[in-house]
Structure formats: structure tokens, C-alpha cells
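Novice: Kindly generate the corresponding structure for this input.
(chains A, B, C, D, E and F)
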Protein chains: 4
Amino acid sequence: MEAAGESVTRRQRGRQPSPATAAAILDATRELIAAGGVEGLTVENVAARTGIAKTTIYRRWRSKDELALAVLIAMVEEQAASASDLGDTRAELVAFVAHAIKILRSTLMGRVMQGLVSELAANPDLAQAFRDRVVARRVQELTWILERGIQRGDVRSDADIGMANELLFGPVYYRLLLSGKPLEDGLAERLVDVFLAWIQP
Amino acid sequence: MEAAGESVTRRQRGRQPSPATAAAILDATRELIAAGGVEGLTVENVAARTGIAKTTIYRRWRSKDELALAVLIAMVEEQAASASDLGDTRAELVAFVAHAIKILRSTLMGRVMQGLVSELAANPDLAQAFRDRVVARRVQELTWILERGIQRGDVRSDADIGMANELLFGPVYYRLLLSGKPLEDGLAERLVDVFLAWIQP
Amino acid sequence: MEAAGESVTRRQRGRQPSPATAAAILDATRELIAAGGVEGLTVENVAARTGIAKTTIYRRWRSKDELALAVLIAMVEEQAASASDLGDTRAELVAFVAHAIKILRSTLMGRVMQGLVSELAANPDLAQAFRDRVVARRVQELTWILERGIQRGDVRSDADIGMANELLFGPVYYRLLLSGKPLEDGLAERLVDVFLAWIQP
Amino acid sequence: MEAAGESVTRRQRGRQPSPATAAAILDATRELIAAGGVEGLTVENVAARTGIAKTTIYRRWRSKDELALAVLIAMVEEQAASASDLGDTRAELVAFVAHAIKILRSTLMGRVMQGLVSELAANPDLAQAFRDRVVARRVQELTWILERGIQRGDVRSDADIGMANELLFGPVYYRLLLSGKPLEDGLAERLVDVFLAWIQP
DNA sequence: GACTAAGCGAGACGGTACGTCGCGTCTTAAA
DNA sequence: TTTAAGACGCGACGTACCGTCTCGCTTAGTC
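Specialist: Numbering: from 1, shown residues only, chains lettered A, B, ... in the order given. Just a heads-up that it's a prediction; the model follows:
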């Protein structure tokens, strides 16, 4: 009776950690990072704003930075969209880039990225996680798109796939982080055109 | 022509601020930012390391952030290199990009940029100064190069000069700030090649 | 009788303020005031000397002055001695004054008084507390002694009780604070003799 | 030849120190001490309020405390009144005490005394100066009055002159510094009466 | 009348302490 | 056993005054 399907784990005693708590913490963190970067994020504020005790926060994340990282990962995880085969390489690339731009522009993702980027350089763990979960994933998607393109004959077979990510997203982040120019609608198409001009057969 | 009265400014009384003091502060600041980003920079440490009183630092810069801004401006000012006419657009572009890359890689400039970029988003004043003094200046240089290229016939006359900066430097900063890929030697040439493929006649 | 509900106060949660901490702070404060007056008292030093964090001190007392006040109150509270009925008014008065003198001379009380007296004039809260807890208490004691004396016939029934305090203690504090003359042994007796010469029947 | 009249001091060269400057500094100091004790006195404020440079102040007084002392001395010097022979010891004593009370009550003298008294205990130089210039002078005046009284037969020849000062002024300062009771009009007479009850033949 | 002195204003400078904010750890009582 | 509450040690913040140190200007006596 008792255990039966409880998989292996033996029954927990005492009060159970609430999932709602974690969510509330991450939400507040996201908002605070968006409002003032990692510097504007304070555990004290997260606690005050959510009514959750500081202790509880530290029980789940070792430090402020780990908390910030968790937020970044969570946001990327949410957004993750796989590029489907549209039969046209240009259309696929534009859709891919445009989707990323839209996320950066219309959600807190942009603000969070701005707030965390300096942390990336200072914190190797966070940097590693970012590369594995965000950069590598994006490179993978692009690889698939371009391989399909090569098979279709849309793309030169000796195209330097490795630079695709930098050429398509470098300018996007340059605007977001440095020049401050707006991420306007046509940007994705223009970037894809430049890139295709280079790798077309 | 010059505003004559401007130079008449009435004589200063009192002890003059020592230029050596300012320089020492900026040096120490630069090193601390490079070592640990803006978060790793503390006025207390700058004071300790230079032997200059904290009050003296605050007398010149209102806050830690203003101090960081000053460092960024100073570094850019130092580096400012004008692209000379080499008779060949490709060569000029490569030289221009390669120079920037070299600075980022071989001086503290790269570390400082990493450390300050989050601050740019949080601090409009700093952002404005950065755009005026760094971005705009670079755009201007590129414009001159490309205009020479058009006159020579190296560059299509309807080339979108506005994107040059983003296409050439976006990937560079993407590596520096996000992907962590090294700024290797051939990078400048490859970027210029992509760009030229797009704007060649 | 007692406000029943008063004691029901809902149980405290969280770590309780340590009484040892408060005691250590007050001790160090007392010593520092004795050594150099309120000017010689620095929260920084109290922290260093006790190993208690500055923040902890400020959590309990809003400012250096409040801390000093707490010390004064604590010292008076400790010393509070009630004059018992000795059957002889002169003996009671001498005992009362001599006790006060001894405290001023042999404990830090004298130094603390010297250090705080200027603060009394500048800080109405402190002044009020001092009058309520020190002056008023002493006046009360004297009143009891003199009333017993009147009943015994030692003291004229129309004696001006109100001046007793000033006549007996004024000279004591004049020495302590202004003339610097030592608070020698026979002083209490001489003062009581002058006073009695005035109020004896 | 040379020295001869060392006191004739050889002629001063250069710009002469302005007496108005010193006066302005002392005035501002007096006001600031009255307003907030020695703690409320800042050289910075004296400079700001008078328009006189900090340097100039420090050229005349070595430190804040010396400045405060100077103010006290100056006030006492101004007030110094010699008790004239009125033919009646009681009248002379009352006049003497009442004059002191009036000064304390109606000028800044009272506030300055309150502000400086803690400094007396912490600063031996200031204490010495205070005793020599204020206490001793007052004791001297009282001695003269009482000697005249003895000659007239108003005062017992074995009167303890040494305590006169403490008995007459102790209560006054007790009110000013500790109890805060007002220095009312009849006080001088009552104190003198108590004192005379003790030393009358 | 030119040549020295100070005196004086302004204000940079090295210090010390202030009182505050946030970190991450800890203890306690309630759920 | 988790949680809310909150005391605690710590490190840095930015501010207020201290007393010292240049500066350049002003004012007087002396040569």
C-alpha cells in the first residue's frame, strides 16, 4: 500500500518546499534585474517584495549571482523555439533572428541581458552556463538550418557555418548593449541578406 | 575666430588640483575594473592602493560610477587612431578593425569594456557619453573610409554605410562579451570580406 | 491590578538580541567616555574594542549620543541607594552626600558626568531623562530625610526643602566640573553643617 | 644697541593683521557654541559664516579648542566687575552673585559655559586657564568682600572663606548645567542668606 | 617708486569618524 | 523540516570636519 509507486525515494517528512515560493523569487529577481541590472538586484529587496525570508532564498541559491544566473537560464528555457523546416533558407533564417529580436525587445530578456553581461566576464561559472545553454544552442539551430540550405542548394557547400552566429547576432547585441540603436523591425532581414550575400553559391 | 574672451578666464586662486593625483586615481581604477568589473572596483581600494585619500577621489568624481566612466573615456581618448588613406579600401578596413581588436586584446580596454557594459544600460549619462565619444567617432571614421572607397569605385555607391559599424564590430564585441571566443588574428580580415561581399559593386 | 494582557504579548520570532552584546557595548562606551568625554567616544572604537560590529551598535542606538545617554542612565540605575532611617538627620544627610561623592570619585561616574554635561544642554531628550532619573530621584530622597527630621524636631518645620539639593550637591559638582578641587573626605560633613546651620530650629 | 627695548618691538613689516577679523571670528564662534556646544562649533562654519578663510583662523588659534577657550576668556574679561565697598556685607555679596547670575542668564555666557564645560575636563590647558582667569578671580573678589566684612564685624573672624565660592556659585551652576531650573531673580539673596547664617558671628 | 614681507581668500589634500546599505550566516518560534 | 523574523559580523558607501598645504592677490612698511 504505502510506498507502492513512490518510485524509489522514501517519503519526505516535515514541511515541503513550496514551488510557488521559487517562482515568486525568480519573478521578483527578474523585475529587479530589469530595473537596475545586477547592481540593482538585492536579496533584501527580493525578500521584502515577496514576503519571503532571506533565509529561504539562500537555501535555494548560494548567492546573489547564482540567483541572477537562474533567472537568465529560466528566461532562455522559456523562449527556446526550434526552427522548423520552411522549405526556404532565407525565410528560416529571418524567422530565427526575428524571433530572438522580438524576445529581446518585448520581454524583460533584453534588460536582464544588459544587467548580466558584465557578470559573465567576472564569473566563469555563469559564463560557462551561458555559453552552454544559450550560445551553443543557438549555434546548433543555425547549423541545422544551414545544413538544410546546403542540401537544398541555397547555400554554398563550403560556407563557414561557424561565423553565422556572430554575423547574425553580433550586430543585434551591439545595438542592445553598446550603441543603443533600437532593434527595429527590418533588422533581421537586413542581417540575413548580408549573410546570404556571402554564403550564397 | 576663436572666442577671444574664452581664454581670458580670470586667474584661479587657491591650490591647484594635481594632475598626478588624477592620473594615479585613474590608473588604479582601470586596474581594479579590469580585475573584477565595476563590482570589483571600490573607492576604498583605489584610495588604499594609491595612498590618495578617499575624500580627494570624491572631490573629483561624485561616485564610483562617474569614476568608472572617466576611465572609459580616458582609454578611448588615448587609443583614438585615425585611418589614413592607403589607396585600398579593403586594406583600410582591415587595418581599422584589426587595430580595435588589438587594443581590446592587448590592453586593459577589453576587461574594462566587459566590466562597464552593464553600467551603460543602467546609467543614461554614461551611455550617452559612450555613444558620443566611442560609437559616433568610430562611425565617422568608417564613413570616411567608405566615401573614399566609393570615389575609388571599390564600393557600390548605394552602400548602406550605416550598418558598417554594426557588421564589422558587432561580431567582435559578441565574442568579447558573450561567446567568449578568442579575438584571433584573422578575424578582422574575415569580417571585412563578408562586408565587402555585400557592398562591392 | 497589573495589566494582565500586557504580558501576553505575542511570542517573539527570530534571533533574540543578546544581552551580553548590549552589556559589552555599554561597558566599552563607559570607558571611552571616561577617557575622553563624549568627544573621545567613537562608535568605531567601541566596535573595535568589543569586537562587535558597528551595525549592531547602530541597530540598538540610533546615534552616538543616544548611546552615551544609555550609559549615563545605566550608571545611575546601578548606584541608586536609598537612605535608611538612622535616627539622626545629620548622620543621614552626611551618609547620603558622602555616598554620592564616593561614587563620583571612585567609579567612572565622575568622568562620565564630565563628559556628558555639555551634551545635556545641547540635547533636550537627554536633559529630560537626566532630570527625571537623576535629579528628581535625589530630590525625593532628600525630601524623605528632611521630613523625618521635621518629625523628630531636628529640622525647622518651615525649612526650604526645595533648596536642599542645590545647596548640598551644587558645591560638589562645582568642584567636579569647574574648579577641579578634589572631592575630599570631609566635604560631605562640611556641606551638611552649613545646610543645617540654616534649617535648624 | 640692538635689543635695548625688546618691548618696543621692532617695526612690523608687511600687512598687519586686522582686528576686525579676529572680532568677527570670535563673534561667530560664540554664536555657534551657544547654538550647539563645542560639538556644534566647526571651523568650517565659522569660515563660511564670516567669509574669513580657514587659514586665517588657524593662523591665530592652533585648534578648534583654543578658539573656544579664547571665546570663554573674552567673555569673562568683558564681564569682569569689581565689587565696590557698599558698607554692608550682605548687600555686597548679593550684588556680586546677582551680577554673575544676570550675565549667565542674559548673555551668551550661559550657553557658552554649557558648551565648554565638558571640554574643561578633557583639556587640561583649557581647565587651567579657566581656573586662573575665572575661578581664581572670583575667589579673590569674595575674599576682599569677606575681609571687609570681618573688619566691620559682619562676619565671624574664623569664617571659612575658602568655601564661599562653592557655596554661593555651586548652586547657580548646578541649575545652569544639571537641573535646568531657571536662574530666577531672588536666587542670589537666598544663597547669600544661607551663607551668612553660617558665617555670621 | 620698487622691494620685500606678512595677511588673506580660496581650495586641494590626507585623515578620522560618521551613519547607512547590503551581504551572507546564525538563531529562534511557529507552521 | 521549512519558513518568517530578525540579530549579527563584515565591507563599502558617500559625507562632514579636521588641520595642513599651496596658490595668487592685497596691503604696508623699508630702502
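Novice: Which residue comes closest to A:Tyr174 once chain neighbours are left out?
Specialist: When the adjacent residues along the chain are set aside, A:Tyr174 lies closest to B:Gly170, with 3.7 Å between them (Cβ to Cβ, 6 or more residues apart in numbering or on different chains). For the C-beta atoms, the positions are set from N, CA and C on the backbone; glycine is no exception.
Novice: contacting residues for the one you found?
Specialist: Taking Cβ atoms under 8 Å, 6 or more residues apart in numbering or on different chains, we find B:Gly170 in contact with A:Glu166, A:Phe169, A:Gly170, A:Pro171, A:Val172, A:Tyr173, A:Tyr174, A:Arg175.
Novice: Would you indicate which residues of stretch A:50-66 are buried?
Specialist: Buried residues in stretch A:50-66, counting neighbours by 16 or more other Cβ atoms under 10 Å in any protein chain shown, are found at A:Thr50, A:Ile52, A:Ile57, A:Trp61, A:Lys64, A:Asp65, A:Glu66.
Novice: Just the strands from chain A, written as ranges.
Specialist: In chain A, no strands are defined using DSSP state E.
Novice: Lowest-confidence one in the buried residues of stretch A:50-66?
Specialist: Minimum pLDDT for these is recorded at A:Asp65 (83).
Novice: any idea how far the most centrally placed residue in chain A lies from chain B?
Specialist: Closest residue to the average C-alpha location of chain A: A:Val76 at 3.0 Å, with Cα atoms, centre = their mean. As judged by Cβ to the nearest Cβ, to the nearest Å, A:Val76 and chain B stand 13 Å apart.
Novice: Equivalent analysis for A:Ser18, please.
Specialist: Taking Cβ to the nearest Cβ as the measure, A:Ser18 and chain B are separated by 32 Å.
Novice: try A:Ala47
Specialist: Distance from A:Ala47 to chain B, by Cβ to the nearest Cβ: 21 Å.
Novice: Could you check how many residues crowd around that residue?
Specialist: 18 (other Cβ atoms under 10 Å in any protein chain shown).
Novice: for A:Glu141, same thing?
Specialist: Under the criterion other Cβ under 10 Å, the count of neighbours that A:Glu141 has is 19.
Novice: any weak-confidence spans in chain A?
Specialist: For chain A, the stretches flagged by pLDDT under 70 are A:1-15, A:80-81.
Novice: need the longest helix for chain A.
Specialist: Determined from DSSP state H, the single longest helix within chain A is helix A:19-40.
Novice: Nearest residue to A:Leu93 in space, please, no chain neighbours.
Specialist: Nearest residue to A:Leu93, sequence neighbours excluded (Cβ to Cβ, 6+ apart): A:Val192, at 4.5 Å.
Novice: still on that earlier bit, mind putting the buried residues of stretch A:50-66 into TSV with distance to chain B?
Specialist: Converted to TSV, the buried residues of stretch A:50-66 look like this (distance: Cβ to the nearest Cβ, whole Å):
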residue	distance to chain B
A:Thr50	22
A:Ile52	25
A:Ile57	19
A:Trp61	17
A:Lys64	10
A:Asp65	9
A:Glu66	15
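Novice: which among those residues gets closest to B:Glu31?
Specialist: Lowest distance from B:Glu31 to the buried residues of stretch A:50-66 (Cβ to Cβ) belongs to A:Asp65, with 22.3 Å.
Novice: got a list of what the closest one touches?
Specialist: When contacts are taken as Cβ under 8 Å, 6+ apart, A:Asp65 is in contact with A:Val38, A:Glu119, A:Asn123, A:Leu126.
Novice: which of those residues count as buried?
Specialist: With burial judged by 16+ other Cβ under 10 Å, the buried subset of the contacts of A:Asp65 is A:Val38, A:Glu119, A:Asn123, A:Leu126.
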